[in-house]
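> Requesting a structural model of the entry that follows:
(2 chains)
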Amino acid sequence: MEKLGKPTVPVITNVFEDLVKTIAFKKGMPDQRFVFVPHPVSGKPASTCREYLEGKDPITGKPVLQEIVEVLTKPLTEEEKKTGFIERPKPPRLAGPDAPENLHRLFLKNGWTDGLPIVLPTEEKVAEMLKGTSHKPDEMVAQMRPSAPHEAWEYTVEKVAINAVMAGAKPEYFPVILAIASTGVTSLFTSTTSFARMAVVNGPIRDQIGMNSGIGALGPFNHANATIGRAWTLISRNLGGGGTPGQTYLGSQGNNLNYNNLCFAEKEEELPEGWKPVHLQKGFKPGESVVSLFSGWSIIDNGGFKPYPFQEVMKRQALGFFTSGTGNCFKNGVPDSAALTLLLDPLVAKDLKENQGFKTKEELGQWLMKNTFKSTWEYWACRPDDLKKAQEGVEPFASWLKLPPGALVPVPVFFDSEKPIEIIIVGGRTNPFWQAGDFNYIASASVDKWK
Amino acid sequence: MNKLKTWLLLGVFLLISLLATVAPYAEEAKITVLNPIGYSPPIRRVPMAPRLDALSGKTIYIVDVKFPLSDQFFVEMQKVLTEKFPQTNWVLRDKKGTYFDDDPGLWAEIKEKGNGVIMGIGH
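Predicted coordinates:
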């Protein structure tokens, strides 16, 4: 609005002080004037809102109303009128010399780690990592930002190598890490809702670098799975300009999955006949090595105990995600949409194909999309316009309003979702279990391109 | 006396030898590492809009960016400001969609009819 020539008063709740000042700086308004009120205002009665407005700014101690008037009318200072560029000095290439112990402390203090010990990126170790690719160290890889309002940082092959060393990765994993970095997708997406990410590797590279797609693939049992996933988070912090709580990371609770971002390989060898691996579903060719990235929040585990057919249990899981994450139904009037990703043990996939008749992953996904319904209260909560129509006697809404409490509205949960249900095969056939998450697909990148 | 001198000389010799042995190791223990941080872009300054000479007679928009369940706060803000500054026209508007969505129509309206804006952000 300031760009449109209108003096603007951003009224912010006080917990977002660091965030808004950081964003204002990055957007070119380091002297932006703010007014803060106590957090939260959400759901507060009128009397409390009035108290906040007639009270004092919790950051400055000045009366809120006085500040609003000042932001609109107090003449600009010379600093506030400035134009031109604020240059950002390039970080020095080297740190040290110092004792390793002190360097570990420095990295931790500067927020360059994930809180766990790292491998110090000496010139020798980084040079060794760079042998994992034919690309030159100074080649620009991509840009990354913590979320759309933030600035994009850029990085070279060498910078990615430094972070790969820190994560403990081997040079042979480096093409996978570069492929992830080349998407520009951060693993530390900043939102108050604590996002998680997932990285799934397909193709010959899985075996070439010893990734796990079998027993314990999602657990802490495999060096490649562990360090590739970890490298993504270090890259997101150090190269993507993110991961500083309060400024470039706002997840209220944070997400434990961010430590290695659910990094695993798909068990392609155990796919039932007719079920395609993820990379083929995304348009890549057989024989190519690809990493695919997914975004979501949470994941739950389920045992396939009879007499329920697996797909019936999956329907209920899909509903479980409806009010969280991509359920996106936190305010009246927000269209409901949902996302679902299923990580199936090969035994589950086999049953779904042979006993339930799902010939492809897509067939299962479409069946779930068409057959998952929500309860009446959930439907009306999300669709106040439809509720109004129902109350005015408009059909079919009026009939749905007469349904007993807890009944299902015959409108599929996923009816307006543009995202397909994703199905990935992983596991060691020790039990027909699967995991379901509110994840959706965001990007794939060729690993071969980065060899 | 000679014995004492001999022991003293021997002691000094041992001390020098010890220092000569340890010092290079202490130096070797220091290492240099590469900085893991990426490149942040330069920032183009955006000059702030000229301020108003007074509020009286002006139209100020109050925009609810639509964080969940915060509408009551803006309704109250309009009431309080109207009570305290009755000579100013305080116009309350909801931005369309959620706080993720842009609303070019509203921005155009404010550009045409407004003199200033209060924008509410946060839960």
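
> Just want the phi and psi numbers for residue A:121.
phi -80, psi 80 (degrees, to the nearest 10).

> what about it, how many residues close to it?
Residues near residue A:121, counting by other Cβ atoms under 10 Å in any protein chain shown, number 25. Glycine gets a C-beta too; all of them are placed from N, C-alpha and C.

> Kindly report the same for residue A:36.
By other Cβ under 10 Å, the residues close to residue A:36 number 24.

> How about the one 10 residues further on?
By other Cβ under 10 Å, 12 other residues sit near residue A:46.

> out of everything not next to it in sequence, what's closest to it?
residue B:76 (5.1 Å; Cβ to Cβ, 6 or more residues apart in numbering or on different chains).

> ok, the spatially most central residue of chain B - contacts?
Note on chain B: the residue nearest the mean C-alpha position is residue B:43, at 13.6 Å, using Cα atoms, centre = their mean. Residues in contact with residue B:43 (Cβ atoms under 8 Å, 6 or more residues apart in numbering or on different chains) are A:25, A:26, A:27, A:28, A:30, A:85, A:86, A:88, A:151.

> ok, of these, which come out buried?
Among the contacts of residue B:43, the ones that count as buried by 16 or more other Cβ atoms under 10 Å in any protein chain shown are A:25, A:26, A:27, A:28, A:30, A:151.

> Among those residues, which one sits closest to chain B?
Lowest distance from chain B to those (Cβ to the nearest Cβ) belongs to residue A:28, with 4.0 Å.

> What is the three-state secondary structure of the closest residue to the closest one other than its chain neighbours?
Closest residue in space to residue A:28, ignoring its immediate chain neighbours: residue B:46 at 4.0 Å, by Cβ to Cβ, 6+ apart. On the three-state scheme (DSSP: H, G, I helix; E, B strand; the rest coil), residue B:46 is labelled coil.

> Near residue B:94, how many other residues are there?
For residue B:94, using other Cβ under 10 Å, the count is 14.

> before we move on, what about residue A:441?
Residue A:441: 19 neighbours (other Cβ under 10 Å).

> quick revisit: next one: phi and psi at the residue nearest to the centre of chain B?
According to degrees, to the nearest 10, residue B:43 has phi -110, psi 130.

> what pairs with it across the strands?
residue A:86 (DSSP bridges).

> Got the confidence number for the spatially closest residue to residue A:440 that is not a sequence neighbour?
The shortest distance from residue A:440 to any non-neighbouring residue, by Cβ to Cβ, 6+ apart, is to residue A:339 (3.7 Å). Residue A:339 carries a pLDDT value of 76.

> Next one: residue A:339 relative to chain B, how far apart?
From residue A:339 across to chain B, the span is 16 Å (Cβ to the nearest Cβ, to the nearest Å).

> before we move on, what about residue A:215?
34 Å.

> Skip the chain neighbours and tell me the closest residue to that residue.
Closest to residue A:215 by Cβ to Cβ, 6+ apart is residue A:428, at 3.1 Å.

> backbone phi and psi for that neighbour, please?
Per degrees, to the nearest 10, the backbone of residue A:428 is at phi -110, psi 20.

> what's the answer for residue B:6, then?
Dihedral angles (degrees, to the nearest 10) for residue B:6: phi -60, psi -50.

> dump the residue contacts of it.
Under the criterion of Cβ under 8 Å, 6+ apart, the contact list for residue B:6 is empty.

> Can you give me the distance of it to chain A?
For residue B:6 relative to chain A (Cβ to the nearest Cβ), the value is 39 Å.
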